[in-house]
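Visitor: Requesting a structural model of the entry that follows:
(one chain, ligands or ions: 1)
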Amino acid sequence: MGIFASPTPPRPPPMEPAQRVRVAVRVRPPLDTDVGKDQCVLCHPDGKQLTLDLQNATSGLWPMRGARSFAFDSVCGPQTSQEEFFTASGAREMLDAALDGYTATIFAYGQTGSGKTYTVSGAVAGRAGLSASAHAHSAANVGLMQRAASYLYEGIEQRPGVKYTVRATFLEIYNEQVVDLIEPASGVLGVRGSSSGGFYVEDLSVTQCRDESDLQYVIQKGLENRHRRIHSLNSESSRSHSIFSVYLDVDDGTASRPTRYGRVSLLDLAGSENVRTSHSQGIGLKEAGSINRSLFALGQVIKALAVEGRSGGRHAVHVPYRDSNLTKLLSDSLGGNSFTLMIACCSTLAAYGEESMRTLQYACSAGAIRNRPSVKLDPQEQLISDLKDEVLKLKQQVKYLTHELTISNSRLVEYGLPTPSGTPALAPSAAAPGVPHHLLPPPLHVDSPASSGGSSRLAPTPRQVTVCLSSLEARALAELADPPAPPPFAAPEPFVESERRGSGASQSPPAPLPPPPSYLNYSLHAVYRRTPPPDAPSSAGSPTLADAPAAAVASAEARAAASAQLRAAAVAASADFAAAAAAAELTGTIGSEQAATGAGDAGEADEPFASPPSGGGARRARERELEKQLRSLSSFSATEVIAAQAGGAKQWYGCGRGRGEAERPSASAEGSGGGGGESRGGSRSASRSASRSASRSMSRRGSRSDLEGAAASPVALDPRAQAALGNLSGVDSLQESAVQCVPRARTHRAPPPRHGHRCPFSPNGPLHVGSDIAAALSRCLPKPFIPPHHTRSSVRKQRPSAHVSSLSNDRFALSPNIRLPR
Ligand SMILES: Nc1ncnc2c1ncn2[C@@H]1O[C@H](COP(=O)(O)OP(=O)(O)OP(=O)(O)O)[C@@H](O)[C@H]1O
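Guide: Residues are numbered from 1 along each chain as shown. Next up is the predicted model:
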């Protein structure tokens, strides 16, 4: 088989970060003694493949005859020069990695006489007594060691900003014993395991190299001391594995980048030797046995690493690094953190086809080994770098956990629960300034004296809760906060009309109030703290009706005065404040359909609970009108509540507020002077009419007995009602402490009668809002707030499907200061 010359091999591509062992094959040309012998190696022109043709192999042991092709990172044919091989093999990239602070390894493997020493050490390197022509010839045939030394210093000169410290060692493993080639007198050196998991040679001499000549001197001296022996296959056979290492301390001169410790090692392994063909005897035979054992151990390491590499790291395989000193010192290069280049040397002779096939198979296995090159740092600097990374991780964890803790504390504060000691409940934005906005919880701003004071135990009230609404919900709230101007107040007129009607006078009914918006059918329950203003009349003194308007007028806000005045007028007109309240409360919650169909006969004034109604349509219409008036007087208005909050009103007279009350302070003030007396001195029939209306409404709940006395009560106010009025007139600084939303059930049914009736004047009275608002608040609030005094049944009834009326019966019990007359 002929051999054609391969072109100049191309330069290999740059190395990848995750590296497998690179393999370069070099085919030794036939020597003068090989003329006329069969050849079996064909190198492809692409410089990456070769074919081994064993068709004419004479060895009977070879089981696979025929031609086999192999592909490697680079294949250099017999005509490849030393310089070309230095470039084509990828040795430059290995040296560049060492200059950057990495560990790189170049080792030559092959049978004896295949050209390993020629490739690594050069043709005539280390041979004494050479002539001048031989030296000239050797200059062109120097091996990788000398070229590497030159290349390293060239690289150092090309990096003027980097300070390099170069040191070199040279050793050999002869008969499994490590010998220092620079100081052979040191004897056999031990191989020790390092704390980092690698191995090192103990007491190995290290030569500081100031320039290239120093490094070349180390190479020359080491090669001179290497063991060689002649046998039938090689006149200058190496009898040991040599390891030449150059250590490069790379200092960029910047504090941010610590000193790196690069290293490049070049290994010239002793060739596997068939003693039958080499005819080694005596010491040579012993050396051959030691060489073959160490190469067998190396083969086992390569096989194990190849299996692991081909599985992608999924199968962890035991790698027998400790089977020989050679594999120990190569542990960092094979499967470690090193860039590794394997040079597989083989002969072209067919007579060595079997050994060449084995070499190429090992090369294929080595090519499957994957290393993880990394920059080696000083142990202390490595520790500092690791600690810095850990501190950075911990800081990120602390930042995240602080954010989570802040959110949790905010929830605890919201529910009035104690927060863990030493963990201030900060605003989420302040506690986690770096947290992205979309990761923050919905805006839930807590502003309470307890939280600002740093107390761990927070009172449940008062507190201010801000919720975030959508545009639709915000528009609905704005409508509530700024309602359209109501029609002129006509609350006293029905009573005047009743009085005139009793006297036979006729008057057209007042303009009806606009119907409440549909969204008032939903309840927003608000809890208020009752704090009497300093000038409010004391409930202990049981103030008279005249005292209430006086106290209201004395209040700082005209709105509060108007409220008190209006309430006084309503009480006087209905003859019993509590009855009016109950009636109004009923009319406010009974539902529009019942209000439309439940109006009784006004002619049954003396028989307020008689049924069926028989007074005709006019009376029923009038009765409905009266109910509307009462409703406007006494029921809570979400509009006013919201408006009061929006306007910053501090005083809240939480009972008997009629629609448009705030818009008529002057009218109410008039009522408080003369109007109040007029109301008190109003006709008895008018009071009875209003009471009948209220009692009729109450009768729908079946609590007839409770209102019978009220219906028959005189115009003079009941003392208990007076006390209740006095108590209510000077209290209720509106402070919303918690908000809950309970959508109203679709089927509205009246609850069974109870002894304690609901009262809209209660501090915990229901506040009607729209469905959109209720739904929005339900979504915004993290969890339902359950005041401590609520019973289990009330908690159970907070489910969305709970009936509003039955809920209110339990939840908003009658205030202790307001009792219905018996
Ligand atoms: N590429 C080459 N070009 C020219 N001569 C070569 C080449 N490779 C090897 N030789 C020659 O072949 C002979 C054997 O080479 P070498 O000593 O390098 O083999 P080896 O693999 O190192 O053997 P051993 O393992 O016994 O040391 C030497 O005389 C060397 O000069």
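
Visitor: Verify the contact between Val142 and Gln82 for me.
Guide: Yes - contact criterion CB atoms under 8 Å: Val142 and Gln82 qualify, at 6.5 Å. All C-beta spots, glycine's among them, are computed from the backbone N, C-alpha and C.

Visitor: Which residues are in contact with each of those two?
Guide: Common neighbours of Val142 and Gln82 are listed as 122-123 (criterion: CB atoms under 8 Å, 6 or more residues apart in numbering).

Visitor: Comparing those two, which residue is more hemmed in?
Guide: Neighbour comparison, Val142 and Gln82: the larger count goes to Val142, with 21 against 17 (by other CB atoms under 10 Å).

Visitor: Distance check, the residue lying closest to the more buried one once chain neighbours are set aside against Asp268.
Guide: Taking CB to CB, 6 or more residues apart in numbering as the measure, Val142 lies nearest to Gly122, with 4.2 Å between them; neighbours along the chain are not counted. With the distance defined as CB to CB, to the nearest Å, Gly122 ends up 10 Å from Asp268.

Visitor: The two: who's more crowded?
Guide: Here Gly122 and Asp268 are set side by side on neighbour count (other CB under 10 Å), and the busier one is Asp268, at 28 against 23.

Visitor: Could you tell me how many residues sit around the nearest residue to the more buried one once chain neighbours are set aside?
Guide: Ranked by CB to CB, 6+ apart and with sequence neighbours excluded, the top spatial neighbour of Asp268 is Val120, at 4.1 Å. Each residue near Val120 was counted by other CB under 10 Å, and the total is 26.

Visitor: For Val120, which residues are in contact?
Guide: Taking CB under 8 Å, 6+ apart as the definition, contacts of Val120 comprise 106, 108, 143-145, 242, 266-268, 343.

Visitor: And Asp180, by the same measure?
Guide: For Asp180, the set of contacting residues under the criterion of CB under 8 Å, 6+ apart consists of 169-171, 186, 189, 201, 203-205.

Visitor: could I get the contacts of Val120 as a markdown table with secondary structure, pLDDT and distance to the ligand?
Guide: Conversion of the contacts of Val120 to a markdown table gives the following (DSSP: H, G, I helix; E, B strand; the rest coil; pLDDT from 0 to 100; distance: CB to the nearest ligand atom, whole Å):
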| residue | secondary structure | pLDDT | distance to the ligand |
| --- | --- | --- | --- |
| Ile106 | strand | 95 | 15 |
| Ala108 | strand | 95 | 7 |
| Gly143 | coil | 91 | 9 |
| Leu144 | helix | 93 | 12 |
| Met145 | helix | 93 | 13 |
| Ser242 | strand | 93 | 10 |
| Leu266 | strand | 94 | 13 |
| Leu267 | strand | 93 | 12 |
| Asp268 | strand | 93 | 7 |
| Ile343 | strand | 95 | 10 |
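
Visitor: Close to the ligand: what parts of the stretch 101-250 of the chain are there?
Guide: Where the stretch 101-250 of the chain comes near the ligand, counting by CB under 6 Å from any ligand atom, the residues are 110, 112-118, 123, 234, 236-238.

Visitor: From these, keep the buried residues only.
Guide: 110, 112-118, 123, 234, 237-238 (16 or more other CB atoms under 10 Å).

Visitor: about what we covered before: pick out the most distant pair among the contacts of Asp180.
Guide: Longest distance between any two of the contacts of Asp180 is 14.2 Å, between Phe170 and Asp203; criterion CB to CB.

Visitor: Of the two, which one has the most company?
Guide: Here Phe170 and Asp203 are set side by side on neighbour count (other CB under 10 Å), and the busier one is Phe170, at 27 against 12.

Visitor: Give me the secondary structure label for the more buried one.
Guide: Applying DSSP: H, G, I helix; E, B strand; the rest coil to Phe170 yields a three-state assignment of strand.

Visitor: mind listing what the residue nearest to it when sequence neighbours are not counted touches?
Guide: Using CB to CB, 6+ apart and skipping residues adjacent in sequence, the residue nearest Phe170 is Gly222, 3.2 Å away. With contact taken as CB under 8 Å, 6+ apart, Gly222 is in contact with 170, 172, 181-182, 242, 244.

Visitor: Can you tell me the SS state at Gly222?
Guide: Judged by three-state DSSP, the three-state class of Gly222 is helix.

Visitor: Kindly give the local confidence score, pLDDT, for the nearest residue to Ser280 once chain neighbours are set aside.
Guide: Using CB to CB, 6+ apart and skipping residues adjacent in sequence, the residue nearest Ser280 is Ala288, 4.7 Å away. The pLDDT attached to Ala288 in the predicted structure is 83.

Visitor: Lovely, talk soon.
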